[in-house]
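**Student:** Need a 3D model of the following:
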Amino acid sequence: MTNTHVLEWIWLDARESLTANDLCRACGLNLGDLHELVDYGSLVPLSGAGDEQVFAADCVGPLRELGKLRLDLDLDQFTMALVLGYLNRISTLERQLQSLQAKTPAHADEAHRDVF
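**Tutor:** Below is the predicted model:
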């Protein structure tokens, strides 16, 4: 008998939102970890969501990476909060870079490479 892994693929739009349970399931974290990240202020739920915490879908990528790093490096909660802040900053900088690259004409990019 073969061991079959079921993978769940979801296309997330950055404008979407997820409940805390859905976010935990998507990122491999438990609710306790998620609540501690909120308590540290490194993960902020959307405002006006009512009693249940709801989060923006764009936090899934950094939280998945955090989950992997936590397992690989055996991170404690405080360190997880710090790392999540850095992962969010990296994600923001990557989006800004892609936006700038999209606005730069192709011939300007080639000329810049010749200088270095």
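
**Student:** where are the low-confidence patches of the protein?
**Tutor:** 1-15, 48-50, 107-116 (pLDDT under 70).

**Student:** quick one, helices of it?
**Tutor:** Applying DSSP state H to the chain gives helices spanning 20-27, 31-40, 60-73, 77-103, 106-115.

**Student:** Can you tell me which of the ones you listed is nearest to S47?
**Tutor:** S47 lies closest to helix 31-40 among the helices of the chain, at 12.7 Å (CB to CB). For the C-beta atoms, the positions are set from N, CA and C on the backbone; glycine is no exception.

**Student:** quick revisit: in CSV: the helices of the chain, plus distance to Q53.
**Tutor:** What follows is the helices of the chain, written out as CSV (distance: least, CB to CB, whole Å):
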stretch, distance to Q53
helix 20-27, 5
helix 31-40, 7
helix 60-73, 14
helix 77-103, 16
helix 106-115, 43
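
**Student:** Could you name the stretch from those that's closest to V54?
**Tutor:** helix 20-27 (7.7 Å).

**Student:** on that earlier part again, pipe the helices of the chain into JSON lines and attach distance to E52 and mean neighbour count per row.
**Tutor:** Output for those, formatted as JSON lines (distance: least, CB to CB, whole Å; neighbours: other CB atoms under 10 Å):
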{"stretch": "helix 20-27", "distance to E52": "7", "mean neighbour count": "18"}
{"stretch": "helix 31-40", "distance to E52": "12", "mean neighbour count": "16"}
{"stretch": "helix 60-73", "distance to E52": "18", "mean neighbour count": "16"}
{"stretch": "helix 77-103", "distance to E52": "21", "mean neighbour count": "13"}
{"stretch": "helix 106-115", "distance to E52": "46", "mean neighbour count": "8"}
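
**Student:** quick one: contacts of stretch 60-72?
**Tutor:** For stretch 60-72, contacts defined as CB atoms under 8 Å, 6 or more residues apart in numbering pick out 12, 18, 23, 26-29, 43, 75, 80, 83-84, 87-88, 90-91.
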